[in-house]
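Enquirer: Below are the sequence and a predicted model; questions follow.
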There are 2 protein chains.
Amino acid sequence: MTAPHFDVLGIGNAIVDVLARVEEDFLVTENLHKGSMNLIDAERAEYLYSKMGPGIEASGGSAGNTIFGLASLGGKPAYFGKVANDQLGEIFAHDMRSLGAHFNTPPLVGGSPTARCMVLISPDGERTMNTYLGACSELVPDDIDESVVANSDIVYMEGYLWDKENAKNAFRKAARIAHEAGRQVSITLSDSFCVDRFRDEFLELIQSGQVDMIFANEPEVKSLFQTADRATALNALRRDTKLSAVTLGSEGSVAISGNETYHVKACKVNKVVDTTGAGDLYAAGFLFGLSKGMELERCAMLGNFCAAEVIQHIGPRPEVDLRQAAEQAQLL
Amino acid sequence: MTAPHFDVLGIGNAIVDVLARVEEDFLVTENLHKGSMNLIDAERAEYLYSKMGPGIEASGGSAGNTIFGLASLGGKPAYFGKVANDQLGEIFAHDMRSLGAHFNTPPLVGGSPTARCMVLISPDGERTMNTYLGACSELVPDDIDESVVANSDIVYMEGYLWDKENAKNAFRKAARIAHEAGRQVSITLSDSFCVDRFRDEFLELIQSGQVDMIFANEPEVKSLFQTADRATALNALRRDTKLSAVTLGSEGSVAISGNETYHVKACKVNKVVDTTGAGDLYAAGFLFGLSKGMELERCAMLGNFCAAEVIQHIGPRPEVDLRQAAEQAQLL
């Protein structure tokens, strides 16, 4: 039997989101920088949870959302991430597998619980994240199933992994195996604060060719190259990567590869309800197109389309069958 | 110190919902009667979960939703219900307390897990529920805190409690204490299949005066009095109860007390997304009005308003601050 083939393999922090609306005041009182992702310990998690209002729970995690989106588009993705053998871990695993994504990372037994992220949604739809990594911290190089990596066209990894030494080594191992098998390696920069923490390492990954493709939003790219100028940042990306896709909020997104540049306008959105997952779903659409050999402009259009769906409701993952929706919109 | 006072005390099955969209086919294949609530065991729960798509999790439970709605309206409610000391139990307790509802039932230790209900939402917005009662089965008369009952203006209980002998006895104990303290006792009939199971007992509760007020939808009332005629059913309610409030779907609701009858039209709804919690939130609005001494017509209007909010999004509990929303709609 030959090993199964995957379009995209995602590697990331396997997290269940607890989403709740808050007033702007709450962010100020709790000293939270709007739009950021904050790593918190168990004690702080308990404190914040006791202060926040009622939530809903939904499987999340940046790469997890992307892989879910790929499955919803009809792709054949796989995922590596560490949950615990608890109720939230079962929920995460169920949701990941329910649309056909391959997810087989053994759950952590007898250690920290499954990671959760308290996602605070302010009235403007912006989200501020507070992540207790829990079991995610135990994602280790041994969790990188070599045959899955070697049989995935594109490996996609979260910059967030860089916060833990074990996960960073898992990331490096996956990148090496992928390149040995002639596959592409991509990374999302995750968060401008994450880029601040690991700027030199991210630049080294890109400039050394360990990573072929970058996904990012504008603040992340500006932070990476320490510039306030969009054109400067995008040209630096053009110089350092084979392919980059950058989201520009309500201005849409831009794909850059060599001399090619495709700026694609954002899809019309009636009301931004919750931006959680916007970048993740953009990556899902873009990667799906890429794995199917579509032109870059169409990849970006599909990315914009998927991002637009997810920001119009609470929760980090699509509520609709993305394949059906994209077909109706004549994007597939 | 005098014991605190509560507007409404809810007693019910403390459940976390797992909500997922399904196609009509799924209900047929799995032999599920659309719109019903099915009690399932752990094995069936595991099977159904493995078959269903990705979900979101939200605290639920019929009376739990009502009490949450009362808190959102600015009321001062309390709740008795049994969760386990596990992750889903913590979520349920957090959500219940987060808006100020009193919830102090000791969680079950070392037994079944917290109850969950797989809520399958079909394309028309109708929900079909599959409930694994888990820890709920261990709600016992000792969990009925007498001082809370005696200090609550209205006690509100789920017909669903009738499925377990312990819970039924807890219900009877609460009703007795409430009446001894000069309080009102209300019950929701919960589900027409539930009425089928316990028709004689429900009629006895009502006709013996152990219950003063009935909340129900039309199929439940018709089932209770075994008639296909709405007017016959409503007149039987008029004869047997001091007060009844009956929801009529898109036709709104009707409140009946002695010679008084108030038919209040439904609020305008753009799209029915998920009917989960509609009856529960109707009861929340109605009970809030009642506890504040409003006229029955206004109680029914407030009930309709709260029900309309909850059916326009996925999940069994309001997403907005109901007090603020009701004030804007000039209902408060």
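Expert: Done, it's in. Residues are numbered from 1 along each chain as shown, chains lettered A, B, ... in the order given.
Enquirer: Nearest to chain B within the stretch 101-250 of chain A, name that residue for me.
Expert: Going by CB to the nearest CB, chain B is nearest to A:Pro113 of the stretch 101-250 of chain A, at 7.1 Å. (Each C-beta comes from the backbone N, C-alpha and C, glycine too.)
Enquirer: Please name the residues that touch that residue.
Expert: A:Ala84, A:Asp86, A:Leu88, A:Gly89, A:Gly134, A:Ala135, B:Gln87 (CB atoms under 8 Å, 6 or more residues apart in numbering or on different chains).
Enquirer: how about a cut-off of 10 Å?
Expert: A:16, A:42, A:45, A:83-89, A:132, A:134-135, B:87 (CB atoms under 10 Å, 6 or more residues apart in numbering or on different chains).
Enquirer: State the phi and psi torsions of the spatially closest residue to A:His94 that is not a sequence neighbour.
Expert: Nearest residue to A:His94 in three dimensions, chain neighbours excluded: B:Tyr49, at 6.2 Å (CB to CB, 6 or more residues apart in numbering or on different chains). Backbone torsions for B:Tyr49, taken as degrees, to the nearest 10, come to phi -60, psi -40.
Enquirer: For B:Tyr49, grab the count of nearby residues.
Expert: When counting by other CB atoms under 10 Å in any protein chain shown, one arrives at 19 neighbours for B:Tyr49.
Enquirer: What distance do you get for it to A:Ala135?
Expert: According to CB to CB, to the nearest Å, B:Tyr49 stands 21 Å off from A:Ala135.
Enquirer: Doesn't A:Val8 belong to a strand?
Expert: Yes: according to DSSP: H, G, I helix; E, B strand; the rest coil, the state of A:Val8 is that of a strand.
Enquirer: OK, contacts around it?
Expert: Here A:Val8 is in contact with A:63, A:66-67, A:70-71, A:75-79, A:101, A:152-156, A:184, A:186, A:283-284, A:287-288, A:290-291 (CB under 10 Å, 6+ apart).
Enquirer: rerun at 6 Å
Expert: Applying CB atoms under 6 Å, 6 or more residues apart in numbering or on different chains, we find A:Val8 in contact with A:Leu70, A:Pro77, A:Ile154, A:Tyr156, A:Leu287, A:Ser291.
Enquirer: residue closest to the middle of chain A?
Expert: Geometric centre of chain A, nearest residue: A:Ser62, 2.9 Å, by CA atoms, centre = their mean.
Enquirer: Quickly note the distance from it to chain B.
Expert: 17 Å (CB to the nearest CB, to the nearest Å).
Enquirer: correct me, but A:Asp212 touches A:Arg183?
Expert: No: with contact defined as CB atoms under 6 Å, A:Asp212 does not reach A:Arg183; the gap is 9.1 Å.
Enquirer: thinking again about what came up before, can you put the contacts of A:Val8 in JSON lines and add pLDDT, distance to chain B and neighbour count?
Expert: Shown next, in JSON lines, are the contacts of A:Val8 (pLDDT from 0 to 100; distance: CB to the nearest CB, whole Å; neighbours: other CB atoms under 10 Å in any protein chain shown):
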{"residue": "A:Leu70", "pLDDT": "98", "distance to chain B": "13", "neighbour count": "32"}
{"residue": "A:Pro77", "pLDDT": "98", "distance to chain B": "14", "neighbour count": "31"}
{"residue": "A:Ile154", "pLDDT": "98", "distance to chain B": "23", "neighbour count": "21"}
{"residue": "A:Tyr156", "pLDDT": "98", "distance to chain B": "19", "neighbour count": "28"}
{"residue": "A:Leu287", "pLDDT": "98", "distance to chain B": "19", "neighbour count": "31"}
{"residue": "A:Ser291", "pLDDT": "96", "distance to chain B": "21", "neighbour count": "21"}
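Enquirer: Give me the subset of these that lies in strands.
Expert: A:Pro77, A:Ile154, A:Tyr156 (DSSP state E).
Enquirer: All the strands of the stretch 201-332 of chain A, in order from the start?
Expert: Per DSSP state E, counting those that start in this stretch, the stretch 201-332 of chain A carries strands over the ranges A:213-217, A:243-247, A:253-257, A:260-264.
Enquirer: With respect to A:Gly55, which of the ones you listed lies nearest?
Expert: Set against A:Gly55 and scored by CB to CB, these come closest in strand A:213-217, at 25.1 Å.
Enquirer: residues from chain A in reach of chain B?
Expert: With CB under 6 Å from any CB of the partner chain as the criterion, chain A meets chain B at residues A:Gly53, A:Pro54, A:Ile56, A:Glu57, A:Ala58, A:Asp86, A:Gln87, A:Leu88, A:Asp95, A:Ser98.
Enquirer: which of the residues you listed are buried?
Expert: With burial judged by 16 or more other CB atoms under 10 Å in any protein chain shown, the buried subset of the residues of chain A next to chain B is A:Gly53, A:Pro54, A:Ile56, A:Glu57, A:Ala58, A:Asp86, A:Gln87, A:Leu88, A:Asp95, A:Ser98.
Enquirer: re the thing from before, would you format the strands of the stretch 201-332 of chain A as JSON lines with mean neighbour count and distance to A:Leu237 included?
Expert: Output for those, formatted as JSON lines (neighbours: other CB atoms under 10 Å in any protein chain shown; distance: least, CB to CB, whole Å):
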{"stretch": "strand A:213-217", "mean neighbour count": "25", "distance to A:Leu237": "6"}
{"stretch": "strand A:243-247", "mean neighbour count": "25", "distance to A:Leu237": "4"}
{"stretch": "strand A:253-257", "mean neighbour count": "22", "distance to A:Leu237": "6"}
{"stretch": "strand A:260-264", "mean neighbour count": "16", "distance to A:Leu237": "10"}
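Enquirer: Give me the subset of the residues of chain A next to chain B lying in strands.
Expert: Per DSSP E, those map to strands at A:Ile56, A:Glu57, A:Ala58.
Enquirer: Which of the residues in stretch A:5-14 are classified as buried?
Expert: Buried residues in stretch A:5-14 (16+ other CB under 10 Å): A:Phe6, A:Asp7, A:Val8, A:Leu9, A:Gly10, A:Ile11, A:Gly12, A:Asn13, A:Ala14.
Enquirer: Stretch A:215-229 too?
Expert: Using 16+ other CB under 10 Å as the test for burial, stretch A:215-229 gives A:Phe215, A:Ala216, A:Asn217, A:Glu218, A:Pro219, A:Glu220, A:Val221, A:Lys222, A:Ser223, A:Leu224, A:Phe225.
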